[in-house]
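Peer 1: sequence first, predicted coordinates after that:
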Amino acid sequence: MTLEWIGSISSEGGRSLKTTQFSPYAYQLTRFGLVNCYLVREPDGFTLIDTNLSGSATQILVAAQSLGAPIRRILLTHAHADHVGSVDALAASIPGVVLAATERSLPLLRQPADKTLLSDEPKEPFSGGLPGITTPVSYLIKEGELLGSFRCIFTPGHIPGHVAFLDERDGTLFAGDELVAVGRLSVCGWTPWYFPLPSMVLWSKDLCLQSAANLIDYPIQRYACGHGVVREGGVDALKQAIYAARRS
C-alpha cells in the first residue's frame, strides 16, 4: 500500500469520515479507518490540522458545522497527499481561511513539487505522493512559536519541513507522521510490520529519531497522529517508542 495507491482511490469512494472526540477541545476525523485529520476548538472557531485525502472537504465542513463552529485556520504538518489532499477544496469553500505551513514545505507544495535538498540536509531520497496545492500559504510557521493554542515544534525526518503542534491547554501532540499510532506508538521508520506505509516514504531515519528525542522535554499527555488511534501515555510512551527504535 502506498500513498499513491490511497490517493488513486480517494475520489472513488470511502468519503465518509468517522468523528471521534478525545478531549474537551479536539476531534479526530478518520477516513478508511486509516487516515486522520483533526478539528481543534479555539475561542474563535476551529483550527483544522491537516486536510486528509482529496475528496474529504465536504465531510470535514459537515463535521465542523455539526459541531457548531467555523473553520478559521488550517495548519499543515507536511506536504504528503494524505495531509494536503483537500486543501484547495476547503480553501475555496471557506473565504478568508488562514493556511499555515513551514517555509521549508513551500517547495514541496508546488505543482510540480521541488524536491531539491538544502545544503545542510541529509542527501537521502524521499518519496510519497506530493500533489501540491494551488492555494497560497498565507502564514509561515516559525519554529517554537505559539500559534493560537499550539506550540509549533519542527520535526524533520519523515519529510523536509515537517512540523508537529502541541496544544498547551491539555498536552495533546498533533504529531503528523513523525510518530505513528497504529498498533502501538512508534517513531516513523520503526512502525509495525503490518503498517509499513510511513516507513516506505521516509526521508531520514536518523532525523526522525532525533526529532522524537527532541520532543521528550515537552509536557505531552497524548498523541494524535496522522495514522492510528489517539494514544495516551505521556512522555513515558514516547520514551518507550524511542527505546524500541534504538534497539532495532
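Peer 2: All right, it came through fine. Residues are numbered from 1 along each chain as shown.
Peer 1: ranges for the helices of the protein?
Peer 2: 3-9, 57-66, 81-84, 87-93, 197-200, 205-214, 234-247 (DSSP state H).
Peer 1: can you tell me the centre-most residue of this structure?
Peer 2: Nearest to the mean C-alpha position of the chain, by CA atoms, centre = their mean, lies Gly176 at 2.8 Å.
Peer 1: what's the closest non-adjacent residue to it?
Peer 2: Spatially, and ignoring its direct neighbours in sequence, Gly176 is nearest to Thr77 (2.9 Å; CB to CB, 6 or more residues apart in numbering). C-beta: built from backbone N, CA, C; applies to glycine.
Peer 1: and if you look at Ser56?
Peer 2: Among residues not flanking Ser56 along the chain, Ser86 sits closest, at 4.4 Å (CB to CB, 6+ apart).
Peer 1: which residues touch that neighbour?
Peer 2: Going by CB atoms under 8 Å, 6 or more residues apart in numbering, Ser86 touches 51-57, 60.
Peer 1: wouldn't Leu17 be in contact with Ala63 here?
Peer 2: Yes: under the criterion of CB atoms under 8 Å, Leu17 makes contact with Ala63 at 6.3 Å.
Peer 1: shared neighbours of these two, anything?
Peer 2: Residues within reach of Leu17 and of Ala63 at once, by CB under 8 Å, 6+ apart, are Leu29.
Peer 1: got a list of what the nearest residue to His162 once chain neighbours are set aside touches?
Peer 2: Distance criterion CB to CB, 6+ apart; nearest residue to His162, sequence neighbours excluded, is His78 at 4.4 Å. His78 makes contact with 105, 108, 158-159, 161-163, 176-177, according to CB under 8 Å, 6+ apart.
Peer 1: what's the pLDDT at His78?
Peer 2: We note a pLDDT of 98 for His78 in this prediction.
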